[in-house]
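J.: no FASTA, just this:
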């Protein structure tokens, strides 16, 4: 079985039915200045049961392509955001 990537981030938008937009932040060392800087990337995640809301921290797992830009599905909601 192949290794599946697991990403963790914050839900920033509910993009239609069964889809959410996830912002993943990672910290990398700058090659010249040797300072830790933040890098951001957005992913579309498939949420079959519509359980996640904006502001939630969630984990998503890589899967087969569901649509043009969506190739992750929701694994679990780590923590809920502000209501």
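T.: That came in fine, so what should we check first? Just so it is clear, the model here is predicted, and its values are computed rather than measured.
J.: where does the chain have low pLDDT?
T.: Applying pLDDT under 70 to the chain picks out residues 1, 83.
J.: now do the strands in it.
T.: All strands of the chain, identified by DSSP state E, fall at 6-14, 19-29, 36-46, 57-62, 70-79.
J.: of all residues in this protein, which one is nearest the centre?
T.: Nearest to the geometric centre of the chain sits residue 22, at 3.7 Å (C-alpha atoms, centre = their mean).
J.: give me the beta-bridge partners of that one?
T.: Here residue 22 sits in beta bridges with residue 11, residue 43, going by DSSP bridges.
J.: can you tell me how far it is from residue 35?
T.: For residue 22, the distance to residue 35 equals 26 Å [C-beta to C-beta, to the nearest Å]. Every C-beta, even on glycine, is put in place using the N, C-alpha and C of the backbone.
J.: with residue 67 instead?
T.: Plainly put, residue 67 is 37 Å away from residue 35 if you go by C-beta to C-beta.
J.: list the contacts of the nearest residue to residue 21 once chain neighbours are set aside.
T.: Once flanking residues are discounted, residue 21 sits nearest to residue 13: 4.0 Å by C-beta to C-beta, 6 or more residues apart in numbering. Going by C-beta atoms under 8 Å, 6 or more residues apart in numbering, residue 13 touches 20, 21, 54.
J.: at 10 Å instead, please
T.: Contacts here follow C-beta atoms under 10 Å, 6 or more residues apart in numbering; on that basis residue 13 touches 19, 20, 21, 22, 23, 42, 44, 54.
J.: what do you get for residue 10?
T.: Residue 10 touches 21-25, 54-58, 78-79, 81, counting by C-beta under 10 Å, 6+ apart.
J.: start and end of stretch 47-56, how far apart?
T.: Across stretch 47-56, the terminal residues are separated by 13 Å (C-alpha to C-alpha, to the nearest Å).
J.: same question, stretch 9-27
T.: End residues of stretch 9-27 are separated by 13 Å (C-alpha to C-alpha).
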